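Asks: Provided below for reference: sequence and predicted model.
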Amino acid sequence: MAEPFVHLSVLGEESPEALVIRPDGLYVDGTFGRGGHSRRILAKLAPEGRLIAFDRDPEAVRAAAEIDDARFRIVHAPFSTMAEELARLGVAAGEVDGVFLDIGVSSPQIDDASRGFSFRFEGPLDMRMDTTTGVTAAEWLNTTDEKTIRRVIDLYGEERFAGPIARAIVARRAEKPFATTGDLADLVASVVPRNKKDMGQHPATRTFQAIRIEVNRELEELRTALNAAGRLLAPAGRLAVISFHSLEDRIVKRFFDRAAHPERDLDPRLPIPVSKLPKPAFVDVERIRPSEAECAANPRARSAILRAGTRTAEPWTNIEV
C-alpha cells in the first residue's frame, strides 16, 4: 500500500497569528492545499466565524471534505477568481476580514509522480494544478515555438542556458514528442552542465519551475488575486501571503510597497501639498521568516517569506505589479 503524502504547513503558527484579527470574522484561504493552514485558522475562530477556502486542484477539494465544520466551505476555483466566486455566495467587496495565500506547489503535488511536477519521479509530464482543464506541460512543449520556450525558461526559470535548452527541445520533439518527466529532465541534463557551486541541484530544476509557472499562469494569477484581496478586505482586515521564490516574492513585495507608499509613484518635482498626497491602502506591513527550528524540521520552509499588512479605509484602486 502506498504511503500517504505528508504535508507540513510552512509558517503554520505565524500565518494565522498574522491573519486573524476578529475571531468572529469572515476569512478566505485562497490556497487550501491539504488544509493545514485552514485548520489552524479555524482553530482561532469563534463559533460565529467563517472560513471560505479555494483551490483549483481537485485532489485538494476532495481532501477538504474531511473538514466537518459548519464554519467552513470549500470552492473549486483558482484564487484569482475569489472576488467573483464570493459575490455568488453573497459576499461583497469590503466584507472580508482576512485573506491568506500560500503561493506555489504543495508537497503532495510535488511528491505525486502522476502529477508530473518533479524531475525526481518518472511520470506523465502534466504539471497542471487543475487537472480538469488547460494544456499539459507535454502539450505545451510539443506545440510552442522555440522563441516562446526560450523566453519562458529565461524569464520564469532565470536559466542562463535557456537558448540551448529551447533549441534542444524543438530538435528532440521533431523525432519524438515529450511525454514524461524523464523525457524533459534527461534532455535538459544533456544540455546544461552541473552547477559547480551546488552539485546537488539537478540541471532541470529551473526549467521545470519555468514551465510549471507558464502552464498554470501562476504569476498572472497572483497579481489578480492580490488586487482582488485589496477590494475584498474590510478596513482593518489583513492580507497575509507566503511566497517561496524570488519571482513570487518580488510581486508581493512590490504590491505591498506600492499600496503602503502610493506617493512614491508621483513625480517628486510636482508641488503637491502633503494634505493632497494619496493615502495608503495598506499599513503595518511586516515580513516574517521561518525559525531555524522549522527550517531544520522542514527544509522546504527555508525559502519561505510571509508578508502581511493591514487594509485601510482608502478606496481600492488596482495596483500594477
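Replies: Here it is on my side, so go on.
Asks: Low-confidence stretches in the stretch 51-200 of the chain?
Replies: Scanning the stretch 51-200 of the chain for pLDDT under 70 picks out 196-200.
Asks: so where do the helices sit in it?
Replies: 58-64, 82-88, 107-111, 137-143, 146-157, 162-175, 181-191 (DSSP state H, counting those that start in this stretch).
Asks: counting contacts, what elements does the fourth one pack onto?
Replies: So that's helix 137-143. Applying 3 or more C-beta pairs under 8 Å, 6 or more residues apart in numbering; DSSP states H and E, one finds that helix 137-143 contacts helix 162-175, helix 205-216. Any C-beta I mention is one placed from the backbone N, CA and C, and that applies to glycine too.
Asks: okay but residue 254 is in contact with residue 321, surely?
Replies: Yes - Residue 254 is within contact range of residue 321, at 4.5 Å (criterion: C-beta atoms under 8 Å).
Asks: and these two? which has more neighbours close in?
Replies: A count of neighbours by other C-beta atoms under 10 Å puts residue 321 above the other of residue 254 and residue 321, at 18 against 15.
Asks: that older thread, residue 260 is nearest to which of the helices of the stretch 51-200 of the chain?
Replies: Closest of the helices of the stretch 51-200 of the chain to residue 260 is helix 82-88, at 21.4 Å (criterion: C-beta to C-beta).
Asks: Measure how buried residue 68 is and give me the count.
Replies: If we define neighbours as other C-beta under 10 Å, then residue 68 has 6 of them.
Asks: about what we covered before: please dump the helices of the stretch 51-200 of the chain into JSON lines; it should also carry distance to residue 222 and mean neighbour count for every row.
Replies: Below are the helices of the stretch 51-200 of the chain laid out as JSON lines (distance: least, C-beta to C-beta, whole Å; neighbours: other C-beta atoms under 10 Å):
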{"stretch": "helix 58-64", "distance to residue 222": "17", "mean neighbour count": "18"}
{"stretch": "helix 82-88", "distance to residue 222": "12", "mean neighbour count": "17"}
{"stretch": "helix 107-111", "distance to residue 222": "17", "mean neighbour count": "19"}
{"stretch": "helix 137-143", "distance to residue 222": "19", "mean neighbour count": "19"}
{"stretch": "helix 146-157", "distance to residue 222": "12", "mean neighbour count": "18"}
{"stretch": "helix 162-175", "distance to residue 222": "22", "mean neighbour count": "17"}
{"stretch": "helix 181-191", "distance to residue 222": "24", "mean neighbour count": "19"}
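Asks: Of those, which is nearest residue 283?
Replies: Between residue 283 and the helices of the stretch 51-200 of the chain, the tightest spacing by C-beta to C-beta is seen for helix 82-88, at 22.1 Å.
Asks: What helices and strands are in contact with that closest one?
Replies: Using 3+ C-beta pairs under 8 Å, 6+ apart: helix 82-88 touches strand 50-55, helix 218-232.
Asks: which residues touch that helix?
Replies: 28, 30, 52, 54, 75, 77, 92-93, 96, 99, 225, 228-229, 231-232 (C-beta atoms under 8 Å, 6 or more residues apart in numbering).
Asks: re the thing from before, next, format the helices and strands packed on helix 82-88 as JSON lines and append mean neighbour count and distance to residue 120.
Replies: JSON lines is the format used below for the helices and strands packed on helix 82-88 (neighbours: other C-beta atoms under 10 Å; distance: least, C-beta to C-beta, whole Å):
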{"stretch": "strand 50-55", "mean neighbour count": "24", "distance to residue 120": "23"}
{"stretch": "helix 218-232", "mean neighbour count": "21", "distance to residue 120": "20"}
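Asks: and residue 312, which of the ones you listed is closest to it?
Replies: helix 218-232 (10.3 Å).
Asks: mind listing what residue 285 touches?
Replies: Contacts of residue 285 (C-beta under 8 Å, 6+ apart): 256, 257, 260, 307, 308, 309.
Asks: burial count for residue 144?
Replies: Neighbour tally, residue 144, other C-beta under 10 Å: 19.
Asks: Sorry, wrong one. I was asking about residue 286.
Replies: Counted with other C-beta under 10 Å, the neighbours of residue 286 add up to 12.
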